[in-house]
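In: Provided below are the primary sequence and the corresponding predicted coordinates.
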Amino acid sequence: MGLFKKIFSKEKKEKLDEGLEKSKSNFFGKLSKAVAGKSKVDESVLDDLEDVLVSSDVGVATTIKIIDRIEARVARDKYLGTDELNTILREEIAGLLSESEHGELETLEIPEGKKPYVIMVVGVNGVGKTTTIGKLAKQYKNKGKKVILGAGDTFRAAAIDQLQIWADRVDIPIVKQKMGSDPASVAFDTVQSAMKQDADVVIIDTAGRLHNKVNLMNELSKIKRVMQKVTPNVPDEVLLVLDGSTGQNAFEQAKQFTAATEVTALAITKLDGTAKGGVVIGISDQFKIPVKYIGVGEGVDDLQVFNKYEFVDSFFSK
């Protein structure tokens, strides 16, 4: 089991196990029914397994890859018992995800020579974008980084107010303007303020509207252009926040946003309250973009850096 590197602390691993409990129970409940009364992994079991994976929000394309891998293993080994299926799934899914390796993202360290490190956060309203920004800001602050927030979602007064609440809660400065202001102007002021204050990290919220992809694309492009008047080659990261509890809808949002702007990292939230945790496997495999964070609870530290080995270990542990 060399694939499974133990990286997380005992507390973090327990929180991950707990956060994935609903997804795990849902998956194993379906799997148990699929293999009931059967001792051998045959075509019938694989057909049922395909249904289990798809209905657990792993996604069709990723499910087909997993089934193909298990079929190849059955052909090679001639006989596989259904009692081995859990172990086989763990190994094949971990192997699949490690092939889309983007480097291990184990810490919140920022690259050398990147100051301020500018993160632009995108995603539709209601996915947990503001909460993710607040938790991320607090975690960077806990590591001794000086952080500044930018309230670039000027489309909704509530978005500015919510970010202000988080800024107050974690005691981090925020740059904001009134509702309806130009988001690019807010981003410009935030980065400029960060430069003056020698801040380490800038996190900028953006409006979560998807009704017109062209408008979204233009707005995000403008924000980037205007920030680059202060310092070149920013943002350093474009983080797309997706709500894991929406299952396949999260796939659709990822498709739309990746078509509208260059997304460099993903955060998948609200996994603790859903049975749709399989969506992380599918999204991690399908989009050539690393899943960087997952949300497994309400606490600040429950936004965890995603590690595919720990995730698969928690998902398939009984």
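Out: That came through, no problem.
In: Surely residue 118 touches residue 239?
Out: No: here residue 118 lies out of contact with residue 239, judged by Cβ atoms under 8 Å, at a distance of 10.9 Å. C-beta coordinates here come from the backbone N, C-alpha and C atoms, glycine included.
In: mind listing the strands for the stretch 101-250 of the chain?
Out: Secondary structure of the stretch 101-250 of the chain, counting by DSSP state E, counting those that start in this stretch: strands at 117-122, 147-150, 174-175, 201-205, 237-243.
In: Dump the second one to CSV, keeping only the CA atoms.
Out: Only the C-alpha atoms of strand 147-150 are listed here, as CSV (Å, rounded to 0.1, in the frame of the first residue of the first chain):
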residue,chain,number,x,y,z
VAL,A,147,-3.2,39.1,4.7
ILE,A,148,-5.4,41.7,3.1
LEU,A,149,-8.9,41.0,1.7
GLY,A,150,-10.6,42.7,-1.3
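In: Name every strand pairing with it and say which way it goes.
Out: In the sheet, strand 147-150 lines up against strand 174-175 (parallel), strand 201-205 (parallel) (DSSP bridges).
In: Go through the strands of the stretch 101-250 of the chain and name the closest to residue 39.
Out: Across those, residue 39 has its closest neighbour in strand 237-243 (39.2 Å, Cβ to Cβ).
In: Kindly tell me how buried the spatially closest residue to residue 184 that is not a sequence neighbour is, as a neighbour count.
Out: Here the nearest residue to residue 184 in space, its sequence neighbours aside, is residue 226; by Cβ to Cβ, 6 or more residues apart in numbering that works out to 4.0 Å. Residue 226 is surrounded by 18 other residues when neighbours are defined as other Cβ atoms under 10 Å.
In: wait, residue 226 sits on residue 188?
Out: Yes: under the criterion of Cβ under 8 Å, residue 226 lies in contact with residue 188, with a separation of 4.8 Å.
In: before we move on, back to that, would a markdown table of the strands of the stretch 101-250 of the chain with distance to residue 77 be doable?
Out: Listed next are the strands of the stretch 101-250 of the chain as a markdown table, based on distance: least, Cβ to Cβ, whole Å:
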| stretch | distance to residue 77 |
| --- | --- |
| strand 117-122 | 45 |
| strand 147-150 | 52 |
| strand 174-175 | 58 |
| strand 201-205 | 49 |
| strand 237-243 | 37 |
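In: For those strands, give me TSV that also has mean pLDDT.
Out: Output for those, formatted as TSV (pLDDT from 0 to 100):
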stretch	mean pLDDT
strand 117-122	97
strand 147-150	98
strand 174-175	98
strand 201-205	98
strand 237-243	96
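In: As a markdown table, these with distance to residue 60 and mean neighbour count would be great.
Out: What follows is the strands of the stretch 101-250 of the chain, written out as a markdown table (distance: least, Cβ to Cβ, whole Å; neighbours: other Cβ atoms under 10 Å):
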| stretch | distance to residue 60 | mean neighbour count |
| --- | --- | --- |
| strand 117-122 | 25 | 25 |
| strand 147-150 | 38 | 27 |
| strand 174-175 | 42 | 21 |
| strand 201-205 | 33 | 28 |
| strand 237-243 | 18 | 24 |
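In: out of those strands, nearest to residue 157?
Out: Between residue 157 and the strands of the stretch 101-250 of the chain, the tightest spacing by Cβ to Cβ is seen for strand 201-205, at 13.1 Å.
In: Off-centre distance for the closest one?
Out: What separates the centre of strand 201-205 from the centre of its chain is 17 Å, taken as Cα atoms, centre = their mean, to the nearest Å.
In: Please apply the same query to stretch 260-275.
Out: Stretch 260-275 has its average C-alpha position 3 Å from the chain's average C-alpha position, going by Cα atoms, centre = their mean.
In: residues near residue 79, how many?
Out: Each residue near residue 79 was counted by other Cβ under 10 Å, and the total is 10.
In: So it: helix, strand or coil?
Out: coil (DSSP: H, G, I helix; E, B strand; the rest coil).
In: Test my guess that it contacts residue 39.
Out: No: the criterion here is Cβ under 8 Å, and residue 79 misses it with residue 39 at 9.8 Å.
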